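Undergrad: please find the sequence and the predicted model below.
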Amino acid sequence: MKSLILSAAALALGATLQVQASDDLAKKHLCTTCHVVKGAKTIGPTYVDVAKKYAGQKDAEAKLAEKVKKGGQGVWGQVPMPPNAAVPDGDIKALVKWVLSAK
């Protein structure tokens, strides 16, 4: 029973650390060059705007992960988002989950 409680606590702590680390992860991969969490739009949309746009869409994580990896244009205007092929898939997945949780 103790090991079950400790495992649950470790998982919860890991999830908390992952969310806290996402801002650093976004900076590490230069996402913050074009995006901010909230406030005035810079080059790309704010993370809050992205979260609102994709709220409730079952395929949002997969769709956004592909867009981050391959780049895209036209959804938020004519400024293209460059591909981020060098960013590890695990980091992209963590970043997308974090962006979709933005409020």
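TA: Great, that's in hand.
Undergrad: chain neighbours aside, what residue packs nearest to Ala51?
TA: Nearest non-adjacent residue to Ala51, counting by CB to CB, 6 or more residues apart in numbering: Ala102, 4.4 Å away. (Each C-beta comes from the backbone N, C-alpha and C, glycine too.)
Undergrad: please settle this for me: is that neighbour part of a strand?
TA: No. Ala102 sits outside any strand when classified using DSSP: H, G, I helix; E, B strand; the rest coil, being coil.
Undergrad: right, and it touches Val48 too?
TA: Yes. Assessed by CB atoms under 8 Å, Ala102 is found in contact with Val48 at 4.7 Å.
Undergrad: contacts only, for the residue nearest to Ala51.
TA: Residues in contact with Ala102 (CB atoms under 8 Å, 6 or more residues apart in numbering) are Val37, Lys38, Thr46, Tyr47, Val48, Val50, Ala51.
Undergrad: check Val48 too.
TA: Val48 makes contact with Val37, Lys38, Ala102, Lys103, according to CB under 8 Å, 6+ apart.
Undergrad: how close does it get to Thr42?
TA: 13 Å (CB to CB, to the nearest Å).
Undergrad: skip the chain neighbours and tell me the closest residue to Tyr54.
TA: With CB to CB, 6+ apart, the residue lying closest to Tyr54 is Ala60, at 3.9 Å.
Undergrad: burial count for that neighbour?
TA: Counted by other CB atoms under 10 Å, the residues lying close to Ala60 total 18.
Undergrad: swap in the one 3 residues further on?
TA: Other residues near Lys63 number 14, with proximity taken as other CB under 10 Å.
Undergrad: what do you get for Lys103?
TA: So Lys103, with other CB under 10 Å, has 8 neighbours.
Undergrad: go on, Gly74?
TA: So Gly74, with other CB under 10 Å, has 9 neighbours.
Undergrad: host element of it?
TA: Assigned by DSSP states H and E, Gly74 belongs to no helix or strand.
Undergrad: quick one: it and Lys41, what's the gap?
TA: 16 Å.
Undergrad: which ones are touching Met81?
TA: With the criterion set at CB under 8 Å, 6+ apart, Met81 makes contact with Cys34, Gly44, Lys67, Val68, Gly71, Gly72, Gln73.
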